[in-house]
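> one predicted model, sequence on top.
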Amino acid sequence: MEIFSWDFALEVLPALLRGAVVTFSATIGGFLASLAVGAILCGLYRSSSRPIALIGKSLIEILRSTPLLIQVYFLFFVLPEVGLVLQPVTTGIIALGLYHGAYVAEAYRAGFDSVPRGQWDAVESLRFSRYAALRYLILPQAIIPLIPALGNTFITMLKDTPILAAITVPEMMFEANDAGSQSFRYVEPITMAAIGYLIMSAVAAGFIHLLRNHLGRFR
Amino acid sequence: MALIWQYRFDLLVGLWWTLKLSMMSASLALVLSMFFGIARYSRNPAIRISASVYIEFFRGTSALAQLFWLFYVLPYMGVDLTPTQCAVLGLGLCFGAYGAEVVRACIEAVPKGQLDAAAALNFSWFQTMRIVVLPEALIMMMPLFTNLLIELIKATSLVSLITIPDLTFQAKAVITKSYSSGSVLLTTLAIYLVISLITSTVMKRIETSLSRGRIAEGVK
Amino acid sequence: MTEMITFENVCKSFGKTVILNDFNFRVMRGEKVAIIGPSGSGKSTLLRIIMALQDIDHGKVSIDGKPLWEVNHGRHLVKPTRRHLRDMRSLVGMVFQNFNLFPNLTALGNVAAAPRHVLGLSKKESEARAAALLAQVGLSEKLSNYPSTLSGGQQQRVAIARAMALEPKVMLFDEATSALDPELVGEVLGVMRDLASARDLTVLVVTHQMGVARAIADRVCFMEGGCVVEEGGPEALLSQPKNERTRAFLRAVHLA
């Protein structure tokens, strides 16, 4: 028997592509969730109230110091116990959003800190309101150094989605495993899935590079 | 809590495996990252390019995909590794690539003036690396390696999916036996949290002792 | 003539470092004052207090007769509301040593931003105002340039136009020409001098370049250790200082 059968590869391709669509959607969903979670955590962390800031800091620490897989299991097993029954893919998206939200919060913080003090002086001396200053002057600057960090988060998340297979989300690695266990041929599906992640993250990296060049044009 | 106490040995076995695998794959990753990180600066283009290919390939694919590949696919090619070997090799290769990227970035961050100074003193490539570049780069690497080490410890949870009885695997086994998930998972989360905190504290200590005398204290 | 800026017994320290020590200082409407002195003598802090970027520990600061910072007898700063600070800031414009232009906006955008978002003018009105101001500082050609594509002198002229866009009664220049290459100082100084020629505008310049003090000021104050040590007309003070510390400072500056 040949090691890599092209015929079999072709046979499992549709299932893998179906999985790739789930992988991609879960990544997009998780990414959007992490942007929101990151904003909330960053807001807590930067709060002028001490206890709230401490809560934010602890949440970030806990989310960052424990494995995604355990967090995924936690949501998968514990949410139904408190009466929240969700689709596995929804649970997965929430888990990705929480786990990576802690990293995004750090990125937001770094983005804010990258805006020089002098900009705030200028904003204050020109009598900008908080909102107008953030909206028109500070955020557009803070967002540029954010793009590589957020891009990284996106790619890391893409590569983390196979973890969701552990809670039966039918993403690419799940489909590959499934195909393998049915036919007892793992070589083709798993190799193709691995290459699939490589291609997807390469495409994402290229896209992020373009976006950065486009937004960073005034530098 | 009684439940956790009842299954304490299962969890302790898991903890032991998690720590053991973390140590072994971190050692492999450290060697690989040093080797390939420095190889990126070799004057031989073949070495340079193969280092880049290694780094990009293993950073680009998913860690879990790599583990599965070693575990499921390699036997068909006539290479039969034990699950432990798969785990150490997979995590080591993956984090070696991330580490190599750290090494590369820190070498790059050494001011160019120091390279000029080394050239002016007629140092060889090895001397420049050993005497000038690496000591400087090493201090910059420490906090980044700490982060990577914690990422690696967290990533060891993936080996539970290739049948190794690590902490995550044992936690799931206990859930299956006891039909109770909340307290088991919370305990597991707490154990990982403690491991991470201890690791980062210890690494901070090492970091400060390495850079002692280099950061002027009390001087602005 | 009325008093525009008044400092009464103002104290300010950062930790153990005393910046202003029982400081008294008055500037009349329309006066052009230069403040010179060694670094760390509290010159910049003085300007930042007037711009309401910095509070005080003790005393009282008024602008145009209205209290800005006031510490009552219980030694508590009467905490001004954000609203009050914004109102007071409408009297004052400030130009910074490092320009502090907004890198994400063009020259026109930088000058138009405050009229648009603070005064609430329409896009058209604010841009017309900005274009007129940029013409005044000689930058009609550079409206659509981003700051990173402008020279230091050009950036500082944009910053001056930006500060003028809110029509302040007081202009503060904090080492406005210090970060510039020597050959670029002239163009910025020219713009500052044009501004200073306006009768009603009160101008306060902090500088360590005596040429700037000479060109702009009709009164020069030498500050050291948180106090005004000596003041007088530019010629008198810069050429024949009476105080020994002023003489020592000027000698050191001329040597440099």
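Happy to help now that I have it.

> at the contact with chain C, which residues of chain B appear?
Applying the criterion C-beta under 8 Å from any C-beta of the partner chain, no portion of chain B neighbours chain C. No exception for glycine: its C-beta is placed from N, CA and C like everyone else's.

> which residue ranges of chain B form helices?
Along chain B, the stretches classed as helices by DSSP state H are B:2-6, B:8-39, B:45-60, B:63-68, B:83-109, B:112-120, B:125-127, B:134-155, B:167-178, B:182-210.

> and the first one, which residues are buried?
Residues of helix B:2-6 classed as buried under the neighbour-count rule (16 or more other C-beta atoms under 10 Å in any protein chain shown) are B:Ile4.

> check contacts around residue 158.
This is for chain A. Counting by C-beta atoms under 8 Å, 6 or more residues apart in numbering or on different chains, A:Leu158 makes contact with A:23, A:27, A:197, A:200-201, A:204, B:62.

> switch to chain C, please.
By C-beta under 8 Å, 6+ apart, the neighbours of C:Val158 are C:99, C:101, C:107, C:110-111, C:134, C:137, C:139, C:142, C:147, C:150.

> if we go to 6 Å?
By C-beta atoms under 6 Å, 6 or more residues apart in numbering or on different chains, the contact list for C:Val158 reads C:101, C:107, C:110.

> deepest-packed of the helices of chain B, please.
helix B:63-68 (a mean of 25; mean count of other C-beta atoms under 10 Å in any protein chain shown).

> for that one, the averaged confidence score.
Helix B:63-68 carries an average pLDDT of 91.

> now render the contacts of A:Leu158 as JSON lines, adding secondary structure, neighbour count and distance to C:Ala236.
Below are the contacts of A:Leu158 laid out as JSON lines (DSSP: H, G, I helix; E, B strand; the rest coil; neighbours: other C-beta atoms under 10 Å in any protein chain shown; distance: C-beta to C-beta, whole Å):
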{"residue": "A:Thr23", "secondary structure": "helix", "neighbour count": "29", "distance to C:Ala236": "79"}
{"residue": "A:Thr27", "secondary structure": "helix", "neighbour count": "24", "distance to C:Ala236": "73"}
{"residue": "A:Tyr197", "secondary structure": "helix", "neighbour count": "25", "distance to C:Ala236": "78"}
{"residue": "A:Met200", "secondary structure": "helix", "neighbour count": "21", "distance to C:Ala236": "76"}
{"residue": "A:Ser201", "secondary structure": "helix", "neighbour count": "21", "distance to C:Ala236": "72"}
{"residue": "A:Ala204", "secondary structure": "helix", "neighbour count": "17", "distance to C:Ala236": "69"}
{"residue": "B:Ser62", "secondary structure": "coil", "neighbour count": "28", "distance to C:Ala236": "77"}
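
> now, the most widely separated pair of those residues?
Across those, the longest distance by C-beta to C-beta is 12.8 Å; it joins A:Ala204 and B:Ser62.

> could you tell me which residues of chain A lie near chain C?
With C-beta under 6 Å from any C-beta of the partner chain as the criterion, chain A meets chain C at residues A:118, A:121-122, A:124-128, A:132, A:136-137, A:140-141, A:218.

> try it again with 7 Å
Contact residues (C-beta under 7 Å from any C-beta of the partner chain) of chain A with chain C: A:118-119, A:121-122, A:124-128, A:132, A:136-137, A:140-141, A:218-219.

> so which of these wins on neighbours?
A:Ala122 (27 neighbours; other C-beta atoms under 10 Å in any protein chain shown).

> hang on, that residue packs against C:Asn98?
No: with contact defined as C-beta atoms under 7 Å, A:Ala122 does not reach C:Asn98; the gap is 9.8 Å.

> got the buried residues for the helix or strand harbouring A:Ala105?
Element membership of A:Ala105 [criterion: DSSP states H and E] is helix A:88-113. Using 16+ other C-beta under 10 Å as the test for burial, helix A:88-113 gives A:88-109, A:111-112.

> so what's C:Ile36 up against?
The contact partners of C:Ile36, by C-beta atoms under 7 Å, 6 or more residues apart in numbering or on different chains, come to C:207-208, C:213, C:220, C:222.

> one more time with 8 Å
By C-beta under 8 Å, 6+ apart, the residues touching C:Ile36 are C:43, C:207-208, C:210, C:213, C:220-223, C:249.

> what pairs with it across the strands?
Note on C:Ile36: beta-bridge partners by DSSP bridges are C:Phe222.

> for it, give its distance to chain B.
25 Å (C-beta to the nearest C-beta, to the nearest Å).

> pLDDT of the helix or strand harbouring C:Ile160, averaged?
According to DSSP H and E, C:Ile160 maps onto helix C:152-164. Here helix C:152-164 scores 95 as its mean pLDDT.

> CA atoms of that helix as CSV?
Extracted in CSV, the C-alpha atoms of helix C:152-164 (Å, rounded to 0.1, in the frame of the first residue of the first chain):
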residue,chain,number,x,y,z
GLY,C,152,10.6,70.4,12.5
GLY,C,153,10.2,74.1,11.8
GLN,C,154,7.1,73.4,9.7
GLN,C,155,5.7,71.1,12.3
GLN,C,156,6.1,73.7,15.0
ARG,C,157,4.4,76.3,12.7
VAL,C,158,1.4,73.9,12.3
ALA,C,159,1.4,73.6,16.1
ILE,C,160,1.3,77.4,16.5
ALA,C,161,-1.6,77.6,14.0
ARG,C,162,-3.4,74.8,15.9
ALA,C,163,-3.1,76.6,19.2
MET,C,164,-4.3,79.9,17.6
